[in-house]
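S.K.: I'll drop the sequence and a predicted model, then ask my questions.
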Amino acid sequence: MNQLTRELLDAPGPFLLEPDAVLTPTGLADGYAVVVADGSFRAVGPAEEVRRAHPHLAGVRLSGHLLMPGFVDAHHHLTQSFGSALAFGEPSEIFRRVWVPLEGALDEESAYTAAKLAALEALRGGFTTVADAGTRAAVDVDVVAEAARDAGIRCVLGLVCNDADPGQDAADASGGAGGAVLARAERHLARYAGDPLVHPSLAVSIPEAASSATLRHVARLAAEAGATVQIHVNEHLAGVERSLLRHGLRPLEHLHHIGALGPHLLAAHATLLTPRELTLLADTGSAVSYNPVASAWKGNAVAPALAMAERGIRFGLGTDGTRGDGFRLAEAAEFAQRIAYGLATGDSSCGAGWTWLEHGTRGGADAVGLRARTGTVAEGLAADFLLVDVTNPELALSWDLPWELVRRGNRDQITAVFVDGRMRMWRGLPTGWDGPALVRRAADLARASVARAPITRAHPTSAAARERSLAP
């Protein structure tokens, strides 16, 4: 697409867009068109029918392009973007030694910049929605909301509702710390009502970080508000064992015992699940964020996502802040299932490609509580979508485009990213603001933040490790 096309798409609209194909809930539709107006899809269907129903709109021909839903990142930590390789090669539960100290060193400017940097990477990678699991920086969470709005990304914004230190008994939620937490939670849920891009959510870092009463009441508040409560659950062996010692129950079993499971729950990771726990998820309608790259980089296991799909368990795909490329996330989702489960059973398909596109878009929107708002190219939903160039060497000779997108797609094939009907990214650069300037400022702030954070690493940098390996 040329500069003239970009100028047309960067206008206020409405638009009648005519790509080569549209990825719909039922599959690839050749010769389809869409109408975008006031932030939503107003029409989706065969191009001739759409043109006839909207004769006042001049069609914008998008030759060589696929129009598809934007990816939904079902699990992110926006204010951890300054950490990057600090977590590489580290053993599990790095949140204790890296992320909590790093976020604790952020001030308002650095928290805003870190969150906007993460949003920039996400948009570049085709994510139109991110679910932020809550910052532990000592700033108003609206700093993160402002960064998301300014970047132009849709954000499910978690507020951390911890009221205990892991390993210690917490105050009852009827008063003390728990009561204050619940009051903050109620204000947070009301604060963003009606916001076009920011959707409030509650969060507890891990079940150990809140009293049973607080967990129960936070879940109730989220359910009553139609919001999600995000909790890291059954991610690491150490956490499972601590729960068994404290409660005689695994973390997910404990949440069920206190009445915290349900459609409002978004369980992050859920890598260590027994058959009974899979049944609990299915029976309660709880959702999971399947984070395959996080499992590979610092986890103890890979979530049984294919088993979840077979049982009808709701789940989306999450990056956990690892890397912001929706196509590479979908590929990792399929690859991890094949390595962890498919090879041992002779399953050469492991979801047949479409499973991971589905759960990276519509399934992800459902998991984060936005199924009625986004995740699908369908009339009435928010116009959150990508224009993907399918003329490149990786995709032009495709025999099965959904499979190709999963295994050969990547962010440099994305020509444009739209959120809420507005173009937010063009060929890897944001529209309306200076992305490279943000990156330069982030580099300066990151150095200062890391220098003052009491981070503890188990392993040296790669350069130091190489020197050590070559030492006599």
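M.R.: Everything's here; your move.
S.K.: roughly how far apart are A148 and P101?
M.R.: According to CB to CB, to the nearest Å, A148 and P101 sit 24 Å apart. C-betas here are computed from N, CA, C, even on glycine.
S.K.: typo on my end, G353
M.R.: Taking CB to CB, one finds G353 at 40 Å from P101.
S.K.: just to revisit the earlier point, who's more crowded, A148 and P101?
M.R.: Using other CB atoms under 10 Å, the more surrounded residue of A148 and P101 is A148, with 25 against 19.
S.K.: okay, the more buried one: pLDDT?
M.R.: Looking at A148, its pLDDT is 98.
S.K.: kindly report the same for K298.
M.R.: pLDDT, read off for K298, is 88.
S.K.: ok, it touching A87?
M.R.: Yes: with contacts counted by CB atoms under 8 Å, K298 reaches A87, the gap being 6.2 Å.
S.K.: report the beta-bridge partners for the residue sitting nearest the centre point of the chain.
M.R.: The residue lying closest to the centre of the chain (CA atoms, centre = their mean) is D73, at 1.8 Å. Note on D73: beta-bridge partners by DSSP bridges are V130.
S.K.: return the distance of P207 relative to G179.
M.R.: For P207 relative to G179 (CB to CB), the value is 19 Å.
S.K.: and if you look at L66?
M.R.: 51 Å.
S.K.: which residue of these two possesses the greater neighbour count?
M.R.: L66 (23 against 17).
S.K.: and the residue nearest to that one when sequence neighbours are not counted, helix, strand or coil?
M.R.: Of all residues not flanking L66 in the chain, V388 sits nearest, at 4.5 Å (CB to CB, 6 or more residues apart in numbering). V388 falls in the strand class when you classify it by DSSP: H, G, I helix; E, B strand; the rest coil.
S.K.: so what's V388 bridging to?
M.R.: Residues in beta-bridge contact with V388 (DSSP bridges): L66, I414.
S.K.: check E18 too.
M.R.: Assigned bridge partners for E18, using DSSP bridges, are R61.
S.K.: that one: how many residues sit nearby?
M.R.: When counting by other CB under 10 Å, one arrives at 20 neighbours for E18.
S.K.: same question for the one 5 residues further on.
M.R.: Residues near L23, counting by other CB under 10 Å, number 25.
S.K.: endpoints of stretch 453-460, how far apart?
M.R.: 17 Å (CA to CA, to the nearest Å).
S.K.: same question, stretch 386-401
M.R.: 15 Å.
S.K.: can you list the domains in the protein?
M.R.: 3-69+376-430, 71-367 (automatic domain parsing).
S.K.: out of those domains, which gets nearest to V439?
M.R.: domain 71-367 (6.9 Å; CB to CB).
S.K.: and the closest one, how far out from the chain middle?
M.R.: From the chain centre to the centre of domain 71-367 is a distance of 8 Å (CA atoms, centre = their mean, to the nearest Å).
S.K.: how far out from the middle of the chain is the lowest-mean-pLDDT helix or strand in the chain?
M.R.: Every helix and strand of the chain was ranked by mean pLDDT, DSSP states H and E. The lowest is helix 3-9, at a mean of 81. Averaged C-alpha coordinates place helix 3-9 at 29 Å from its chain's average position (CA atoms, centre = their mean).
S.K.: residues in contact with that helix?
M.R.: 15, 60, 62, 416, 423, 426 (CB atoms under 8 Å, 6 or more residues apart in numbering).
S.K.: check stretch 397-406 too.
M.R.: 21, 23, 27-28, 66, 68, 327, 330-331, 334, 352-354, 356-357, 388, 390, 394-395.
S.K.: ok, A87 touching I94?
M.R.: Yes: here A87 reaches I94: they are 4.9 Å apart, a contact under CB under 8 Å.
S.K.: what do these two both touch?
M.R.: With CB under 8 Å, 6+ apart as the test, A87 and I94 both reach K298.
S.K.: quick one, phi/psi of E109?
M.R.: The phi and psi torsions at E109 (degrees, to the nearest 10) take the values phi -70, psi -40.
S.K.: I figured it hits D444, correct?
M.R.: No: the criterion here is CB under 8 Å, and E109 misses it with D444 at 10.5 Å.
S.K.: distance of the nearest residue to G31 once chain neighbours are set aside relative to V60?
M.R.: Sequence neighbours aside, A47 is the residue nearest to G31 in space, at 5.4 Å (criterion: CB to CB, 6+ apart). Taking CB to CB as the measure, A47 falls 12 Å from V60.
S.K.: next one: A463
M.R.: A463 is 49 Å from V60, by CB to CB.
S.K.: also L66?
M.R.: 15 Å.
S.K.: and for V144?
M.R.: V144 is 34 Å from V60, by CB to CB.
S.K.: neighbours around the closest residue to V229 other than its chain neighbours, how many?
M.R.: Leaving out its chain neighbours, the residue that sits closest to V229 by CB to CB, 6+ apart is A222, at 4.1 Å. Using other CB under 10 Å, the number of residues around A222 comes to 27.
S.K.: ok, now the one 5 residues further on?
M.R.: Counted with other CB under 10 Å, the neighbours of A227 add up to 24.
S.K.: what sits against it?
M.R.: 189, 199-202, 221, 264, 369.
S.K.: what touches both of K298 and A87?
M.R.: Joint contacts of K298 and A87 (CB under 8 Å, 6+ apart) are I94.
S.K.: in the stretch 201-350 of the chain, which spans are strands?
M.R.: Assigned by DSSP state E, counting those that start in this stretch, the strands in the stretch 201-350 of the chain fall at 229-233, 265-269, 287-290, 314-317.
S.K.: follow-up on the earlier one: more neighbours: which of A463 and V60?
M.R.: Neighbours were counted for A463 and for V60 using other CB under 10 Å; V60 has more, 18 against 8.
S.K.: in helices only, show me the contacts of A227.
M.R.: 189, 221 (DSSP state H).
S.K.: which pair of the contacts of A227 spans the longest distance?
M.R.: H199 and L221 (14.8 Å).
S.K.: the two - which one has more neighbours?
M.R.: H199 (23 against 19).
S.K.: what's across from the nearest residue to the more buried one once chain neighbours are set aside in the sheet?
M.R.: Spatial nearest neighbour of H199, chain neighbours left out: V156 (4.9 Å); criterion: CB to CB, 6+ apart. Going by DSSP bridges, V156 is paired in beta bridges with A131, H199.
S.K.: returning to what we had before: the residue nearest to L66 reaches G409, doesn't it?
M.R.: Yes: contact criterion CB under 8 Å: V388 and G409 qualify, at 7.4 Å.
S.K.: which of those two has more neighbours?
M.R.: Using other CB under 10 Å, the more surrounded residue of V388 and G409 is G409, with 28 against 25.
S.K.: for the more buried one, give its distance to L386.
M.R.: The value you get for G409 to L386, if CB to CB is used, is 10 Å.
S.K.: G152 too?
M.R.: 14 Å.
S.K.: again, but for L255
M.R.: In terms of CB to CB, L255 sits 35 Å off from L386.
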